[in-house]
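Q: quick one: sequence plus predicted model below, questions after.
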Amino acid sequence: MSRQTDHANLFDDARSRLEAVFEALDVPADARERLMQPNLSLQVSVPVRMDDGRLKVFPGWRVQYNDTLGPAKGGIRFHPNVTQEEVTTLSFWMAVKCAVVDLPYGGGKGGVQVDPKALSRLELERLARSYVRSIADVMGPDRDIPAPDVNTNAMVMGWMADEFDHLARGKVPAAITGKPPALGGSLGRVAATGRGALHVLDLWAARAERRTEDVTVAVQGFGNAAYHFARLAHARGYRIVAVSDSKGAIYSEEGLDPDPIMVQKRRNQRLHDMVYCNDSVCIAENVEKLDRDDLLTLEVDVLALAALENQIHEDNVDQVRAKALLEIANGPVTSAADARLEERGVPVIPDVLANTGGVIVSYYEWVQNRTGERWAEEEVNARLAERIERQSRLVLERAERESVSNRQAAYRQGIERIANGILKRGNCQDSD
Ligand code: NAD
């Protein structure tokens, strides 16, 4: 198993970041104890009838990390390398993240260990429905609200929402977010993670007195979060000089246009086999093909990591030449690499702040579903901008004021809110 897919120490690594936060905030021992373990960890076997008539059973999980501030909230990942350790870690990050941007949620996450690319569309739908049947007892608008993550999208959420409605014998749209708008999904949800990351980058660039036109950006990953980030950043004037996916990377000094790249990617064209510039398409005049991981060591202003966890680690961190890192993916930098970057004075805009756009708009979807309202896309985008900018400003100012990294400041903001809730709830008297 490669370093990127080794989850054995992921949760320990994630928790190790808590110690410094606990010390700095003087969090009482009982609240610390609660925050070190998930509330609920459910392992399920997900049976799927394959097109050829065989039955296959895939391992799956749903983990609810903490429910102090509200019901669990977090995506569902379909990936061959999903493990319980990974899902638990992702649920922990969701708990921190929701608190950082002041949402009334705890953290949750789900996953199925499966290669979705090896399934037909009907097999994928049966898998999605079977997974919901497996975890339905712990789901619901006031208990745990799933959403999309890697390899799951609005279409998959639509199937899941429909299955949950069947089980509940009624319409419960607020039980799942990231649904298609036709089924109560919020406008603006698909682009929300990328849009939110751009707001945070804008704020960071303004504080660093950098003009967008002077900022070069390399983007690792070209999926949902990365594409919308790259598209909106390009429109704002940032120079997207490189993008990659799981098969390779491309680079252009003068900057790439993300839209024609996505048009070709949707036709299953690999980055290395695309038409780069002719009479009808122009990604950029001069495009260079790079090996996938060469993107990570390019000399750029911002390296935006939008693929998977553990991409920058002890073995490659010293080759990173970017002036700043933007974590759009969850956990793309290990704690050892993070410490090394801090030593070198390379700022990191952390995942628990940078990728909160998705969960913020999921929250707006849940609010709309519960009130029966439908907001215009402009209203959703305006509310997203207002919330993420306000909370990001608090984090960046705190980092400066307390002379700590942006990550440490974000964790302090999130953990302070959760720990305060734990104390107010009286849970610290549990053992009396
Ligand atoms: P996605 O499945 O749409 O895209 C993932 C992309 O990463 C794909 O293009 C894939 O080819 C690429 N990739 C995989 N391994 C790679 C590698 N080693 N090098 C380069 N590219 C690689 O997933 P997504 O929804 O865009 O999520 C990406 C990350 O963002 C995940 O960490 C996810 O948890 C996080 N995230 C997503 C959302 C959301 O709303 N989609 C919200 C918050 C966080």
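A: Nice, thanks for sending it over.
Q: which residue ranges of the stretch 301-432 of the chain form strands?
A: 302-305, 324-327, 348-349 (DSSP state E, counting those that start in this stretch).
Q: need the ones you listed in CSV with mean pLDDT, can you?
A: Formatted as CSV, these follow (pLDDT from 0 to 100):
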stretch, mean pLDDT
strand 302-305, 98
strand 324-327, 98
strand 348-349, 97
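Q: single out the most deeply packed of those strands.
A: strand 302-305 (a mean of 29; mean count of other C-beta atoms under 10 Å). Any C-beta I mention is one placed from the backbone N, CA and C, and that applies to glycine too.
Q: Throw the strands of the stretch 301-432 of the chain into JSON lines and include distance to the ligand, thanks.
A: Below are the strands of the stretch 301-432 of the chain laid out as JSON lines (distance: least, C-beta to the nearest ligand atom, whole Å):
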{"stretch": "strand 302-305", "distance to the ligand": "8"}
{"stretch": "strand 324-327", "distance to the ligand": "9"}
{"stretch": "strand 348-349", "distance to the ligand": "14"}
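Q: for residue 180, which of those is the nearest?
A: strand 302-305 (27.1 Å; C-beta to C-beta).
Q: show me the shaky parts of the stretch 301-432 of the chain.
A: In the predicted model, the stretch 301-432 of the chain carries pLDDT under 70 at residues 427-432.
Q: with distance to residue 194 added, can I get the strands of the stretch 301-432 of the chain in JSON lines?
A: Formatted as JSON lines, the strands of the stretch 301-432 of the chain follow (distance: least, C-beta to C-beta, whole Å):
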{"stretch": "strand 302-305", "distance to residue 194": "10"}
{"stretch": "strand 324-327", "distance to residue 194": "11"}
{"stretch": "strand 348-349", "distance to residue 194": "14"}
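Q: which among those strands is found nearest to residue 143?
A: Closest to residue 143 of the strands of the stretch 301-432 of the chain is strand 324-327 (C-beta to C-beta; 28.8 Å).
Q: gap between that closest one and the chain center?
A: Averaged C-alpha coordinates place strand 324-327 at 14 Å from its chain's average position (C-alpha atoms, centre = their mean, to the nearest Å).
Q: who's in contact with that strand?
A: 197, 200-201, 204, 217, 301-305, 312, 333, 341, 346-351, 354-355 (C-beta atoms under 8 Å, 6 or more residues apart in numbering).
Q: with only the CA atoms kept, save it in CSV.
A: Output of strand 324-327 as CSV, limited to C-alpha atoms (Å, rounded to 0.1, in the frame of the first residue of the first chain):
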residue,chain,number,x,y,z
ALA,A,324,1.8,28.9,0.4
LEU,A,325,-0.5,25.9,0.5
LEU,A,326,-4.3,25.9,0.2
GLU,A,327,-5.9,22.7,1.5
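Q: residue 147 and residue 73 touch, don't they?
A: Yes. Using C-beta atoms under 8 Å, residue 147 is in contact with residue 73, at 7.1 Å.
Q: intersection of neighbour lists for those two?
A: Shared contacts of residue 147 and residue 73 (C-beta under 8 Å, 6+ apart): 359, 362.
Q: the two - which one has more neighbours?
A: Neighbours per residue (other C-beta atoms under 10 Å) separate residue 147 from residue 73, with residue 73 holding more: 30 against 27.
Q: re the thing from before, inside helices: which ones of the contacts of strand 324-327?
A: Judged by DSSP state H, the subset of those located in helices is 197, 200, 201, 204, 341, 351, 354.
Q: residues near the third one, how many?
A: Residue crowding around residue 201 was assessed by other C-beta under 10 Å; the count is 27.
Q: can you tell me the closest non-neighbouring residue to it?
A: residue 326 (5.7 Å; C-beta to C-beta, 6 or more residues apart in numbering).
Q: gap between the one you found and residue 57?
A: Plainly put, residue 326 is 39 Å away from residue 57 if you go by C-beta to C-beta, to the nearest Å.
Q: put the alpha carbons of stretch 11-19 into CSV.
A: What follows is stretch 11-19, C-alpha atoms only, in CSV (Å, rounded to 0.1, in the frame of the first residue of the first chain):
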residue,chain,number,x,y,z
PHE,A,11,-6.5,9.1,13.2
ASP,A,12,-3.5,9.2,15.6
ASP,A,13,-1.9,11.8,13.4
ALA,A,14,-5.2,13.8,13.3
ARG,A,15,-5.6,13.6,17.1
SER,A,16,-2.0,14.5,17.8
ARG,A,17,-2.9,18.0,16.5
LEU,A,18,-5.4,18.3,19.4
GLU,A,19,-2.8,18.2,22.2
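Q: can you tell me what sits against it?
A: Stretch 11-19 is contacted by residues 32, 35-36, 85, 88-89, 92-93, 331, 334-335, 407, 411, 415 when judged by C-beta under 8 Å, 6+ apart.
Q: contact partners for residue 45?
A: Shown in contact with residue 45 (C-beta under 8 Å, 6+ apart): 57, 58, 59, 60, 134.
Q: the first one in helix, strand or coil?
A: Remark: residue 57 carries the secondary structure label strand [criterion: DSSP: H, G, I helix; E, B strand; the rest coil].
Q: and the gap between the residue nearest to residue 287 when sequence neighbours are not counted and residue 412?
A: Spatially, and ignoring its direct neighbours in sequence, residue 287 is nearest to residue 276 (4.0 Å; C-beta to C-beta, 6+ apart). Going from residue 276 to residue 412 by C-beta to C-beta gives 45 Å.
Q: thanks a lot, see you next time.
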